[in-house]
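Student: Build me a structure from this.
(one chain, ligands or ions: 1)
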Amino acid sequence: MARAAVVGAGMTKFGVHDKPLQELFGEAALPALDDAGVEPSEIDAFYFGNAMSGQAENDTHLGPKLASHVGMAGVPVQRFEDACATSSNAFKNAVEAVDAGIHDVVLVGGVERCTPETGQDTAAMTRIFASASHRQYEQPTGLTFPGVFALFTKRHMHEYGTTEEQLAEVAVKNHGNGALNPNAHFGKETTVEEALDGPIVADPFRLMDCCPFSDGASAVVVVSDELADSYDAPVDVSGVGHATDVVPIGDKDTPHVTQAARDAAAQAYEQADTSAAEMDFAEVHDCFTGAEILASEALGLVEDGEGGPAAEAGRTARDGDVPINPSGGLKAKGHPIGATGTAQLVELTEQLRGTAGERQIDGADSAVAHNLGGDAATTVVTVMEVRQ
Ligand code: COA
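Tutor: Numbering: from 1, shown residues only. Predicted structure coming up:
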């Protein structure tokens, strides 16, 4: 028996959007409802994620605004904020609600604008994002998120000999996958040479190692296991794990281990009665190329220390033995913070339904999504499977 099922999915193209947040969200939510064959009036509750709109756009109390725009005025709405893991936490709570019998049908999604369309340039948005780091012990040092993940990756390089060429291979793979995804922010491929020649952002990361600032929205319709078979093409949610790690990063003994991801993955695999070896592909939080390598190890997809060599050997390509980020990942698909978590689940849904087009992973019937927030301080891991 599954904990829940996804019966509808929708997302906007990630990139640059000049629309208000409710209109952008509507472009993901209405297709998700349509995909599920559900009217807005049939939604019992609406859980959504948005992390930064107060600081970036002076726009808060989004719940009723988004609900009204998609014709759900009156529905109970809950907003979640967990930095980049925001809409995954909304999804986890929706799964718990239908699993507990509190609701039958829940709309879950996320929306965020991070590009200069908000009125904030790269420097200002970098500072806004840094509000998710430790106020007293990290922010005064000037540390921002490229630097945080650069530190994690440098430690991994020190421990295992991971190379800049291996980081570049992650960027090449994800840009290649993104080029097959019409919803990706970047539709262009790159090469190892171009990646290694890019300007330094935070050593060892160059431009091609970083995700961009993106605008976008994503949404899924979650129903109880009991109701799932009354919808077309339900996809099972077999497990959702959620864990936190110690902050500030100076208190982490082994930052390259990303313990919260290991703990959340263990919960999700146990709930699903499965293991990493059974996963046919993964969508992981590659905010930076090094983060994908750390995640591939934390999820147990490869042995510790093997993340870099696996990328270099093509094992994580769509036709490899552990495909990672067939959507293009945050690196190429883009990273509109609050929309990222549910966008990963849109990709899992499409792949497990066999409707992912040119980027389809042949025969995929089990997959895992990994979404982290802050300095890997919050992580949500979800296992989804073709309905039994
Ligand atoms: N990857 C690849 N190309 C990128 C890119 C990225 N991440 N970001 C920008 N570009 C490209 C743009 O398309 C543009 O190309 P063009 O000249 O052909 O049009 C060029 O680089 C310059 O774009 P611009 O927007 O001026 O870049 P920028 O210098 O303002 O920002 C980064 C680049 C890498 C500094 C910025 O995207 C960044 O900080 N990313 C990380 C965001 C982050 O920390 N997220 C949270 C993760 S936890």
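Student: Now do the SS call for the residue most central in space within the chain.
Tutor: The centroid of the chain falls nearest to Gly341 when counting by CA atoms, centre = their mean (3.5 Å). With DSSP: H, G, I helix; E, B strand; the rest coil as the basis, Gly341 sits in helix.
Student: so what's the residue nearest to it when sequence neighbours are not counted up against?
Tutor: With CB to CB, 6 or more residues apart in numbering as the criterion, Gly341 has its nearest non-adjacent residue at 3.2 Å, and that residue is Ser88. The C-beta positions use only the backbone N, C-alpha and C, and glycine is treated the same way. Counting by CB atoms under 8 Å, 6 or more residues apart in numbering, Ser88 touches 49, 82, 341-342, 344-345, 369, 371, 380, 382.
Student: check contacts around His256.
Tutor: 152-153, 155-156, 159, 294.
Student: Residues of the stretch 151-300 of the chain that sit close to the ligand?
Tutor: Residues of the stretch 151-300 of the chain lying near the ligand by CB under 6 Å from any ligand atom: 201, 207-208, 210-213, 287.
Student: can you do 5 Å?
Tutor: Taking CB under 5 Å from any ligand atom as the measure of proximity, the stretch 151-300 of the chain contacts the ligand at 201, 210, 212, 287.
Student: Can you give me the neighbour number for the nearest residue to Pro199 once chain neighbours are set aside?
Tutor: The shortest distance from Pro199 to any non-neighbouring residue, by CB to CB, 6+ apart, is to Leu207 (5.5 Å). By other CB atoms under 10 Å, the residues close to Leu207 number 15.
Student: For the stretch 51-200 of the chain, just list every one of the helices.
Tutor: 53-57, 62-69, 86-99, 122-129, 145-160, 164-178, 192-197 (DSSP state H, counting those that start in this stretch).
Student: Residues contacting whichever helix or strand comes after the last one, please?
Tutor: Remark: after helix 192-197, the chain's next helix or strand is strand 200-202, criterion DSSP states H and E. Contact with strand 200-202 is made by 144, 146-147, 149-150, 206-207, 209-210, as judged by CB under 8 Å, 6+ apart.
Student: how does it look with 10 Å?
Tutor: Strand 200-202 has contacts (CB atoms under 10 Å, 6 or more residues apart in numbering) with 143-151, 153-154, 206-210, 288.
Student: Following the chain past that strand, name the next helix or strand.
Tutor: Following strand 200-202 toward the C-terminus (DSSP H and E): strand 205-206.
Student: Which helix or strand lies directly C-terminal to that following strand?
Tutor: strand 215-223.
Student: Run a quick neighbour tally on Gln55.
Tutor: 17.
Student: ignore the last one, Val192
Tutor: Residues lying near Val192 (other CB under 10 Å) number 17.
Student: now do Gly363
Tutor: 8.
Student: Over to Gly8?
Tutor: Based on other CB under 10 Å, the number of other residues close to Gly8 is 26.
Student: now Asn177
Tutor: 25.
Student: Just give the nearest non-adjacent residue to it, would you?
Tutor: Gly328 (4.5 Å).
Student: swap in Ala376?
Tutor: Setting aside the residues directly before and after it, Ala376 is nearest to Thr258 in space (CB to CB, 6+ apart), at 4.6 Å.
Student: pretty sure that neighbour is touching His370, no?
Tutor: Yes - look at Thr258 against His370 with CB atoms under 10 Å: they come within range, at 9.3 Å.
Student: Excluding sequence neighbours, find me the nearest residue to the residue of the stretch 51-200 of the chain found nearest the ligand.
Tutor: Scanning the stretch 51-200 of the chain for the residue nearest the ligand gives Thr122, at 3.4 Å (criterion: CB to the nearest ligand atom). Closest residue to Thr122 apart from its sequence neighbours, by CB to CB, 6+ apart: Phe213 at 6.7 Å.
Student: Around that neighbour, how many other residues sit close by?
Tutor: 24.
Student: Would you confirm that it contacts Pro146?
Tutor: No - at 11.7 Å, Phe213 and Pro146 do not qualify as touching, with contact defined as CB under 10 Å.
Student: anything in contact with each of those two?
Tutor: 126, 129.
Student: re the thing from before, and the contacts of Ser88, which is closest to Thr12?
Tutor: Closest approach between the contacts of Ser88 and Thr12, by CB to CB: Thr342, at 11.5 Å.
Student: That closest one: what's it in contact with?
Tutor: 6, 9-11, 28, 32, 47-49, 86-88, 90-91, 94, 108-111, 217-220, 349, 369, 371.
Student: cool, Gly329 as well?
Tutor: Here Gly329 is in contact with 170-171, 173-175, 177-178, 181, 184, 211, 282-287, 289, 291-292, 295, 335, 340, 344, 347 (criterion: CB under 10 Å, 6+ apart).
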